[in-house]
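Novice: Provided below for reference: sequence and predicted model.
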Amino acid sequence: MKKATFETKVGLAEMLKGGVIMDVMNVEQAKIAEEAGATAVMALERIPSEIRKEGGVSRMSDPQMIIDIQNAVSIPVMAKVRIGHLAEAQILQEIGIDFVDESEVLTPADEANHIYKHDYKVPFVCGCRNLGEALRRIGEGAAMIRTKGEAGTGNIVEAVRHMRQVMSDIRRMTLLTRDELMAAAKELGAPFELVLKTAELGALPVPNFAAGGIATPADAALMMQLGAQAVFVGSGIFAADNPEVRAAAIVKAVTFYNDPAKLVEVSRGLGKAMRGIDMNDIPKNEQLQNRGW
Amino acid sequence: MPTVGILALQGDFDAHNRALAPLDVTTLLVKTVADLDACDGLIIPGGESTTMTKLINGFELYDDILSFVESHPVMGTCAGMIMLSKDASDSRVKPFKVIDLSVDRNAYGSQKESFEADITLSEEFETSERPFRAVFIRAPRVSSWNEADIIPLASYNDVPIIFRQGRVLALSFHPELTDDSRIHSYFVDMIRESLVR
């Protein structure tokens, strides 16, 4: 018997497909998310839109707050660590978190290195903006990839850019010959074996989810149509007017992402979505997506 | 060629689709009653049983899926097993109650306790002398079952993990996550037999 193999890590990511992972800040919100049909919750002290507003250094949440949420729901609980922060990851593993998000939303602890994730029993998810970044994270042991998007903006444009880029990079790999793939690996800055595997599969070697700016059922459906296999919704639910209703609507939209009649049914009468930020109003050095490499 | 439906509201329906690919069947990802009508059997995949319950109720699919699983071969893996069981021991889940099992959700603990192990299949399966690599993810455990009607078809550490009661096959692990197609092939045979009858 072997515990916590790479197969069991990717296996949990497979189970989350076609679902919505929701950011929650307390037990009450976690229960609302579960009741709305979330497949998992991401426990954090401040949702990205608040982190963006308040500034300062953003760190792993208080383990007690995470444990309270673990005790309140039956679905998997995820939590974030700072990029490269080994000790935060060890703490989350120790309390039995189901998935660790090594996330650009928190202030990076290491500007050169990400965590070597194969060393852990707990699976990791990491953000990316293109195929090279995705494959570097998988090389380090990530069992799930998500787009970075631009968290806390309620603006889908960056998640779309990143998913389009990843999917188009993948399609390009499937057209190259083996000798060309080595040059592609060099250009992408990605491990050759993973580039080869991606070319053979015509897909990432691990599940590929969307995150960063999803605020409406239509946003979720858009990301699924572009190739996402599930979505993370951060600020989009609890920064909106009717979180319960909006959360349930986004869950349904992810299942019926290619059925416009169903999308009409779930999209109407939800109340106000989060206000959102135009990308032109965020200076480059304040964009979270540029954290990590 | 039989059509095997895979309930695709949420969960690892892709993995089941891949597992069925080498077998001589047509597969269909099922999201609506019209999809269900085209199927000769149904797989309820792994995933989150609370989410599946929400989606089944939210789109008023419960009665139609129930009448299908009461009259056709059906296989449930992990969350799918919970959805088929008589008792899911959790008010957040509304199962179809077509197999006489009581199931505890997440009985092995959090994700870091997820594991894989070689198990021995009963002789009902082809080449049962070869071990089967079983992958358990936040797995449920069957606490009790109707011993008069159900003989478990495999166990791990004395805990039964495959159950068949008539047309219903339920597993607490994920045969869809490995390349070994013996269990899917067994289920396809169940469908073929039901079509002959």
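Specialist: Good, I have the coordinates. Quick caveat: nothing in here was measured; it's all calculated off a predicted structure. Numbering: from 1, shown residues only, chains lettered A, B, ... in the order given.

Novice: got the contact list for stretch A:188-200?
Specialist: Residues from elsewhere that reach stretch A:188-200 (C-beta atoms under 8 Å, 6 or more residues apart in numbering or on different chains): A:130-132, A:135-136, A:138-139, A:169-170, A:173-174, A:176, A:178, A:181-182, A:184-185, A:204-205. For glycine as for every other residue, the C-beta is placed from the backbone atoms N, C-alpha and C.

Novice: Just the CA trace of that stretch, in PDB.
Specialist: Below are the C-alpha coordinates for stretch A:188-200, written out as PDB (Å, rounded to 0.1, in the frame of the first residue of the first chain):
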ATOM      1  CA  LEU A 188       9.100  27.500 -23.300                       C
ATOM      2  CA  GLY A 189      11.700  27.000 -20.500                       C
ATOM      3  CA  ALA A 190       9.900  23.700 -19.700                       C
ATOM      4  CA  PRO A 191      11.100  20.100 -19.000                       C
ATOM      5  CA  PHE A 192      11.400  18.200 -22.300                       C
ATOM      6  CA  GLU A 193       9.700  15.100 -21.000                       C
ATOM      7  CA  LEU A 194       6.600  17.100 -20.000                       C
ATOM      8  CA  VAL A 195       6.600  19.000 -23.300                       C
ATOM      9  CA  LEU A 196       6.600  15.600 -25.100                       C
ATOM     10  CA  LYS A 197       3.800  14.300 -22.900                       C
ATOM     11  CA  THR A 198       1.700  17.400 -23.500                       C
ATOM     12  CA  ALA A 199       2.200  17.000 -27.300                       C
ATOM     13  CA  GLU A 200       1.200  13.300 -27.100                       C
END
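
Novice: follow-up on the earlier one: among the contacts of stretch A:188-200, which ones are in helices?
Specialist: A:131-132, A:135-136, A:138-139, A:169-170, A:173-174, A:178, A:181-182, A:184-185 (DSSP state H).

Novice: Write out the residues of chain B neighbouring chain A.
Specialist: B:8-15, B:31, B:46-48, B:50-51, B:54-55, B:58-59, B:78-79, B:90, B:92, B:105-106, B:109-117, B:135-138, B:174, B:177 (C-beta under 8 Å from any C-beta of the partner chain).

Novice: 7 Å instead?
Specialist: Neighbours of chain A within chain B, by C-beta under 7 Å from any C-beta of the partner chain: B:8-15, B:31, B:46-48, B:50-51, B:54-55, B:58, B:90, B:92, B:105-106, B:109-117, B:135, B:137-138, B:174, B:177.

Novice: In strands, which of those fall?
Specialist: The strands, defined by DSSP state E, take in B:115-117, B:135 from the residues of chain B next to chain A.

Novice: Name the helix or strand for residue 195, please.
Specialist: No chain was given, so I picked chain A. helix A:192-201 (DSSP states H and E).

Novice: that answer is for a different chain, and I need it for chain B
Specialist: helix B:182-196.

Novice: what sits up against that helix?
Specialist: The contact list for helix B:182-196 (C-beta atoms under 7 Å, 6 or more residues apart in numbering or on different chains) reads B:2, B:4, B:19-20, B:23, B:25, B:40-41, B:72-73, B:75, B:121, B:125-126, B:132, B:167, B:169, B:175.

Novice: Please determine how far residue B:57 is located from residue A:204.
Specialist: Relative to residue A:204, residue B:57 is positioned 33 Å away (C-beta to C-beta, to the nearest Å).

Novice: neighbour count winner among these two?
Specialist: The neighbour comparison of residue B:57 against residue A:204 (other C-beta atoms under 10 Å in any protein chain shown) goes to residue A:204, with 23 against 12.
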